[in-house]
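> Okay, sequence plus prediction incoming.
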Number of protein chains: 2
Amino acid sequence: MQKKIITISREFGSGGRSIGKAVAEKLGYDYYDSELVQRVAEETGFSAEYIADAGEYAPGKSILSYAFSSGTPHAGTSMSATDYLWSAQCRIIKELAEKGNCVIVGRCADYILKDREDCLNVFIYADNAFKAKRIVELYGVTDKSPEKRLVDKDAKRSVNYKYYTGREWGATENYHLCLNSAFFGQEECAAIIAELAKK
Amino acid sequence: MQKKIITISREFGSGGRSIGKAVAEKLGYDYYDSELVQRVAEETGFSAEYIADAGEYAPGKSILSYAFSSGTPHAGTSMSATDYLWSAQCRIIKELAEKGNCVIVGRCADYILKDREDCLNVFIYADNAFKAKRIVELYGVTDKSPEKRLVDKDAKRSVNYKYYTGREWGATENYHLCLNSAFFGQEECAAIIAELAKK
């Protein structure tokens, strides 16, 4: 059965996003990453910047910490900002999956869509040297070493994933296919995924 | 560059061995599993049965515990039986890799050959239900539940791998490609690996 939904989880710097985009292009599927952020922003009133950051990285933070910086936070609830965001994100991801063929990058989509049988769940990872070089090329140098940036970002993704799904982020059992993008190259990764989704 | 050596690490019951054999057939590569055990047996004097079990599952056991049950154990050394076995296994795996194209199943070959650049390191895993059903079909029922047998065997593999390599068994970073055999099926897994090894 052709897989209608492809979820891509990825280590920071591994190129998972570019790979996801390339897979969507190859298959003519919709691609959701910033589009998804935009949609969650519209529904929740949070700013897109806040969602892009908190949606994958910061479980359980109090809604108050964002009350003055994130547009119009959800009022009249005792939920934390990120719990509220999680809930909206779940609903929207399920709706998008229902809408038709697509590639969804990040945002625990593998877990959120776990009851569907038409998903191919992929994890993209790579060696630290490859990822460190890549994030400096893409995002420039900062005060923090590239190695530290990698560890910090993935640690946040991991905590967020564990908090909302109870699972270990990056553990093979959550995915159907795990690819080392430093070894295969991004183009080849996209070709492999697109090919396997068709079967 | 075509990959000359394919190492297959696998969860118990996932079908990794059959997949490895099928890959070797597809590519016309040598296949080492029981052949490797036999060769280690010849070199070390341990029985093939002991090697098949201890070579992947029991780090650091005293050589004395096997002195009366394992043929002719190495005499005149203060090494543990399994440390001695590890050392022989490393040497033999490196020699086999030098000899020519091959598929090696288990025995930490991914780690032992880590300095070569012509290896494709694969990890095969699957859902517990799939593996439990498979081991009962293959090896029959025992006093222990299939689920417990799976956990016990993989826990031993994991301890052994950690002891000799310092790495986490089954962590994506040790492999180039990880495949869920319950999802893809064994035949498709073999086809994917053979195809990728050619590139």
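All right, it came through fine.

> Now do the same contact list for whichever residue of chain A sits closest to chain B.
As assessed by CB to the nearest CB, chain B sits closest to A:Cys178 within chain A, at 3.7 Å. For glycine as for every other residue, the C-beta is placed from the backbone atoms N, C-alpha and C. For A:Cys178, the contacting residues are A:Val122, A:Phe123, A:Ile124, A:Tyr125, A:Thr172, B:Phe123, B:Thr172, B:Tyr175, B:Leu177, B:Cys178, B:Leu179, by CB atoms under 8 Å, 6 or more residues apart in numbering or on different chains.

> The same query, at a cut-off of 7 Å, please.
With contact taken as CB atoms under 7 Å, 6 or more residues apart in numbering or on different chains, A:Cys178 is in contact with A:Phe123, A:Tyr125, A:Thr172, B:Thr172, B:Cys178.

> How about the residues of chain A by chain B?
For chain A, the contact set with chain B under CB under 7 Å from any CB of the partner chain comprises A:Phe123, A:Tyr125, A:Gly170, A:Thr172, A:Glu173, A:His176, A:Leu177, A:Cys178, A:Leu179, A:Asn180, A:Phe183.

> quick revisit: so which of the contacts of A:Cys178 belong to strands?
Counted as lying in strands by DSSP state E, out of those, are A:Phe123, A:Tyr125, B:Cys178.

> Out of the residues you listed, flag the one nearest to A:Ser9.
A:Phe123 (4.9 Å; CB to CB).

> How about the contacts made by A:Trp86?
A:Tyr164.

> can you pull the contacts of A:Leu113?
A:Ile5, A:Thr7, A:Ile93, A:Ala97, A:Cys119.

> Show me which of the contacts of A:Cys178 is closest to A:Tyr139.
Using CB to CB, the contacts of A:Cys178 come closest to A:Tyr139 at A:Tyr125, 18.6 Å.

> How many residues are close by that closest one?
25 (other CB atoms under 10 Å in any protein chain shown).

> Would you check that it makes contact with A:Ala182?
No: the pair A:Tyr125 / A:Ala182 is not scored as a contact, 8.5 Å apart, by CB atoms under 7 Å.

> Now do the helices in chain A.
A:16-27, A:34-44, A:48-57, A:81-99, A:109-112, A:128-139, A:146-165, A:181-184, A:186-198 (DSSP state H).

> mind checking which of those is nearest B:Ala197?
Using CB to CB, the nearest of the helices of chain A to B:Ala197 is helix A:181-184, at 11.7 Å.

> rewinding a little: just the contacts of A:Cys178 now: which is nearest A:Phe12?
A:Tyr125 (10.1 Å).

> Quick one: residues contacting that closest one.
A:Glu11, A:Ser14, A:Gly170, A:Cys178, A:Asn180, B:Thr172, B:Glu173.

> How about the most centrally placed residue in chain A: what's its closest non-neighbour residue?
Chain A has A:Gly106 as the residue nearest its centroid, 1.0 Å off, counting by CA atoms, centre = their mean. Distances taken as CB to CB, 6 or more residues apart in numbering or on different chains place A:Glu56 nearest to A:Gly106, at 5.6 Å, with adjacent residues excluded.

> can you pull the pLDDT of the one you found?
On pLDDT, A:Glu56 comes in at 73.

> Ok, A:Leu179 next?
According to the prediction, A:Leu179 has pLDDT 98.

> who does the lowest-mean-pLDDT helix or strand in chain A touch, helix- and strand-wise?
Of all helical and strand segments in chain A, the minimum by mean pLDDT, DSSP states H and E falls on helix A:48-57, at a mean of 77. Judged by 3 or more CB pairs under 7 Å, 6 or more residues apart in numbering or on different chains; DSSP states H and E, helix A:48-57 is in contact with helix A:34-44, helix A:81-99, helix A:146-165.

> any chance of these in CSV, plus mean pLDDT?
As requested, the helices and strands packed on helix A:48-57 are exported to CSV (pLDDT from 0 to 100):
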stretch, mean pLDDT
helix A:34-44, 84
helix A:81-99, 90
helix A:146-165, 92
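
> Dump the ones you listed to CSV, plus distance to B:Asp30.
Shown next, in CSV, are those (distance: least, CB to CB, whole Å):
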stretch, distance to B:Asp30
helix A:34-44, 48
helix A:81-99, 45
helix A:146-165, 38
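
> Which of those helices sits closest to A:Ile112?
helix A:81-99 (4.8 Å).

> got the angle between that closest one and helix A:34-44?
Angle of helix A:81-99 versus helix A:34-44, following axes from the mean of the first three to the mean of the last three CA atoms, to 10 degrees, is 120 degrees.
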